[in-house]
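# attaching a predicted model along with its sequence, questions to come.
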Amino acid sequence: MPDTNNIFLFSIDLEDVREGVVNGSLYKDRVVNNTLKYLDWLEKNNSTCTFFTVGKVAEKYPDLIKQIVRAGHEIACHSYSHTPLNLQTPESFKFDLEKNINALLKSGVESVKGFRAPVFSLTKDTSWAHEILAGCGITYSSSVLPADNPLYGWKEFGAAPKQINKKLIELPVTLNRFGPLNIPFAGGVYFRSFPFWFIRKSFKKYFKNNEPVLSYFHPYDLDSEQEKFMHAGINNSTLYNFLMYYNRKHMLSRLDKVVALDVKIMRYDDYIKNHLKNGV
Ligand SMILES: [Zn+2]
């Protein structure tokens with residue numbers, strides 16, 4: 001029986017935050033620099049994880065992708081153009097996904113098994129995506145935020161991993177309650193913004209039940225030197241935009257405090273292979 005204690009499914013959504021921003025390319029390119037900081041941090045902790053990678057980013061930085069692969073991490077899909085699923089048709093989604101997979105293979109990834117929808121946009125309305133993922137050879141997805149959320153969410157899906165069809169399993173991101181909110185406490189902006197006692201308590205709650213914590217972070221989440229601009233996809237809210245920059249300089253020290261809980265950071269494919277066989 002594999003040891004299921006304290007599993008932290010740390011993951012990076014590897015994307016360029018300037019995409020979708022008006023005149024975004026005029027701002028400084030920070031993707032490689034920020035990603036290297038995560039790679040150093042992972043190496044320091046002797047850990048491997050999953051990078052859900054946008055196809056365009058893989059095309060632009062093939063050397064970075066090769067470096068990530070060489071370090072033993074998993075590369076999975078995060079769409080080709082980072083277009084949310086509700087703005088896609090099943091046909092355009094399939095086209096985008098195939099482009100994503102091809103871009104990853106071309107940049108030196110051996111096989112691609114996983115997928116994460118941009119901004120967790122896999123909801124009840126876009127659940128047609130699961131069949132398409134399976135049809136394209138994807139075996140797991142981590143694309144559902146199982147709560148009501150200002151952007152996207154699929155509350156009825158439930159918190160537990162679910163076998164969708166013979167080929168595909170969905171692993172929703174992990175949530176915990178903070179007052180009336182049910183939030184992905186190990187996700188970028190939430191992880192940075194909420195009080196650390198709450199973050200720690202949330203990790204411990206899951207670890208106590210022998211359940212993993214699924215997460216997501218972005219290159220920009222640790223970038224305290226990025227130029228200020230309005231981020232795409234937050235409906236021009238100045239509060240959300242403020243939070244997008246909040247406390248980035250303490251991101252890695254917060255992650256160090258999570259590591260101090262004796263976590264095991266793990267690639268998603270390894271977790272599924274070694275821990276989920278009979279679990280779903
Ligand atoms: Zn993303």
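In hand now; what should we look at?
# can you name the helix or strand that residue 244 falls in?
In the assignment (DSSP states H and E), residue 244 maps to helix 238-245.
# which helices and strands does the following helix or strand past that helix pack with?
Next along the chain after helix 238-245, taking DSSP H and E as the criterion, comes helix 251-259. Counting contacts by 3 or more Cβ pairs under 8 Å, 6 or more residues apart in numbering; DSSP states H and E, helix 251-259 packs against helix 31-44, helix 188-193, helix 196-208. In this view, the C-beta of every residue, glycine as well, is placed from N, C-alpha and C.
# measure how far helix 251-259 is from the centre of its chain, please.
Centroid displacement of helix 251-259 relative to its chain, using Cα atoms, centre = their mean, to the nearest Å, is 17 Å.
# report the buried residues of it.
251-252, 254-255, 258-259 (16 or more other Cβ atoms under 10 Å).
# taking the protein, what residue is nearest to the ion?
residue 13 (4.1 Å; Cβ to the ion).
# burial count for that residue?
23 (other Cβ atoms under 10 Å).
# tell me the confidence at residue 217?
Residue 217 is assigned 98 on the pLDDT scale.
# for it, what are phi and psi?
Here is the backbone geometry of residue 217 (degrees, to the nearest 10): phi -130, psi 160.
# what of residue 216?
Backbone torsions for residue 216, taken as degrees, to the nearest 10, come to phi -160, psi 140.
# that one - how many residues pack around it?
The number of residues near residue 216, taken as other Cβ under 10 Å, comes to 25.
# kindly report the same for residue 242.
11.
# could you do residue 157 as well?
The number of residues near residue 157, taken as other Cβ under 10 Å, comes to 18.
# what's it in contact with, if anything?
124, 144, 146, 170, 172 (Cβ atoms under 8 Å, 6 or more residues apart in numbering).
# ok, and the most crowded of those residues?
residue 144 (28 neighbours).
# re earlier: quick one: contacts for the residue of the chain closest to the ion?
52, 54, 78, 116, 216-218 are the contacts of residue 13 under Cβ under 8 Å, 6+ apart.
# next, it: phi, psi?
phi -90, psi 100.
# among the contacts of residue 13, name the ones in helices.
Residues of those located in helices (DSSP state H): none.
# quick one: contacts for residue 5?
Here residue 5 is in contact with 207, 210, 264 (Cβ under 8 Å, 6+ apart).
# ok, the second one touching residue 275?
No - contact criterion Cβ atoms under 8 Å: residue 210 and residue 275 do not qualify, at 9.8 Å.
# circling back: tell me the most buried of the helices and strands packed on helix 251-259?
Comparing those by mean neighbour count (mean count of other Cβ atoms under 10 Å), helix 188-193 ranks first with a mean of 20.
# check which helices and strands that one is in contact with.
Counting by 3+ Cβ pairs under 8 Å, 6+ apart, helix 188-193 packs on helix 238-245, helix 251-259.
# in terms of mean pLDDT, which of those ranks lowest?
When I compare the helices and strands packed on helix 188-193, helix 238-245 is least confident, with a mean of 91.
# may I see the buried residues of that helix?
240-241, 243-245.
# what parts of the chain come near the ion?
13, 15, 118 (Cβ under 5 Å from the ion).
# need those residues in CSV with pLDDT, can you?
Below are these laid out as CSV (pLDDT from 0 to 100):
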residue, pLDDT
13, 98
15, 97
118, 97
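# which one of those residues is nearest residue 222?
residue 13 (13.0 Å; Cβ to Cβ).
# turn the residues of the chain next to the ion into JSON lines, including distance to residue 189.
Converted to JSON lines, those look like this (distance: Cβ to Cβ, whole Å):
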{"residue": "13", "distance to residue 189": "12"}
{"residue": "15", "distance to residue 189": "14"}
{"residue": "118", "distance to residue 189": "15"}
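# residue contacts, the spatially closest residue to residue 186 that is not a sequence neighbour?
Excluding the flanking residues, the one nearest residue 186 by Cβ to Cβ, 6 or more residues apart in numbering is residue 215, at 3.5 Å. Going by Cβ under 8 Å, 6+ apart, residue 215 touches 8-11, 173-174, 184, 186-187, 191.
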